[in-house]
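J.: with the sequence up front, the predicted model follows.
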Amino acid sequence: MVARNIIFITVDCLRADFLELDSRFDFEIFQRLFNEGIWFTNMLSVGPNTPLAFSGLFSSSYPSMWGGYLYLGKKRVTLAEVLKSQDIETAGIHSNPHLISIYGYNRGFDYFYDYTQSQRGKITKIAGDFHRRYKEKYKRSKFLKSIIDRISENKLLNILVQKFISQSPYEEVDIMNVKAMKWLERRDKRKRFFLWIHYMEPHVPYMVNEEIKKFLPVKDIDRWSGAKLVLKARENPDSLSALEKETIK
């Protein structure tokens, strides 16, 4: 049996049960993918977050088998490496900070685009590295650790960085799709291909655009209201009104 081309689509924070929640949303494309592709109805993740889940997804192994979950070490053979060894052309396109080249996720891909190649990605990576690196370094000192936490998790600072410097910490869906289509157009048509594309839209911060706004119960909402509501929910969840909870959902 000759393998077909494979398009592997992953979406951060998109729950399967949400696809049936609201008739206002059009999931026609999802339904077509389910009908024409392969649909796993009993799939379990090896962990509850991106580094845990994707290290298992791409290497068919538990993170603890190889001394941790952050990196895809060279001892782990990746899905892309296996497919490339079968003379299949490979491409990976995403903007998740946990799936970048320095963690080994580029291995096996002929073309690999991650968010650190964009300006907004560089800014987000610097902020994330600052928090992880220094929090770990000074974790024995409660005083220094609390200062690092306050700097890196400050509500006003986060809003200002995202609003005036990076606009959004992730590349948006249209950018991902353009890059994928361009690669499909220029790839070697004599070969089968494997394309992995990963979307971040359902992940915080929830960036409101005109398309999303029409579905929200609160109409006088701008691009940053969603992010501000999430921050409010984290700091004081009991203060949210029923309407605010529905808006976040």
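T.: Yes, it's here. Numbering: from 1, shown residues only.
J.: make it CA atoms for all contacts and neighbour counts henceforth
T.: Will do.
J.: which residues touch stretch 217-237?
T.: Judged by Cα atoms under 8 Å, 6 or more residues apart in numbering, the contacts made with stretch 217-237 from elsewhere in the structure are 155, 163, 204-209, 213, 239-240, 243-244, 246-248.
J.: which single one of those residues is nearest to Tyr62?
T.: Val204 (26.5 Å; Cα to Cα).
J.: you'd agree the closest one is in a strand?
T.: No. Remark: Val204 does not belong to a strand; assigned using DSSP: H, G, I helix; E, B strand; the rest coil, it is coil.
J.: before we move on, the earlier item: the contacts of stretch 217-237, buried ones only, as a ChimeraX selection?
T.: Here is the ChimeraX command that selects the buried residues among the contacts of stretch 217-237 (16 or more other Cα atoms under 10 Å):
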select :205,206,207,208,213,244,247
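J.: closest one to Ala91 out of the contacts of stretch 217-237, please.
T.: Proximity to Ala91 was ranked across the contacts of stretch 217-237 by Cα to Cα; first place goes to Val204, at 25.8 Å.
J.: what pLDDT does that closest one get?
T.: The predicted local distance difference test score for Val204 is 81.
J.: cool, Gly56 as well?
T.: Reading off the confidence values, Gly56 has pLDDT 90.
J.: that one in helix, strand or coil?
T.: Classification of Gly56 using three-state DSSP returns helix.
J.: which stretches of the protein form strands?
T.: Using DSSP state E, the strands found in the chain span residues 6-11, 89-93, 111-113, 193-199.
J.: how about these in TSV, adding mean neighbour count and distance to Glu81?
T.: Output for the strands of the chain, formatted as TSV (neighbours: other Cα atoms under 10 Å; distance: least, Cα to Cα, whole Å):
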stretch	mean neighbour count	distance to Glu81
strand 6-11	13	14
strand 89-93	23	9
strand 111-113	18	12
strand 193-199	21	11
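J.: export those strands to CSV and tack on distance to Phe27 and mean pLDDT?
T.: Written out in CSV, the entries for the strands of the chain read as follows (distance: least, Cα to Cα, whole Å; pLDDT from 0 to 100):
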stretch, distance to Phe27, mean pLDDT
strand 6-11, 14, 92
strand 89-93, 22, 97
strand 111-113, 27, 95
strand 193-199, 15, 96
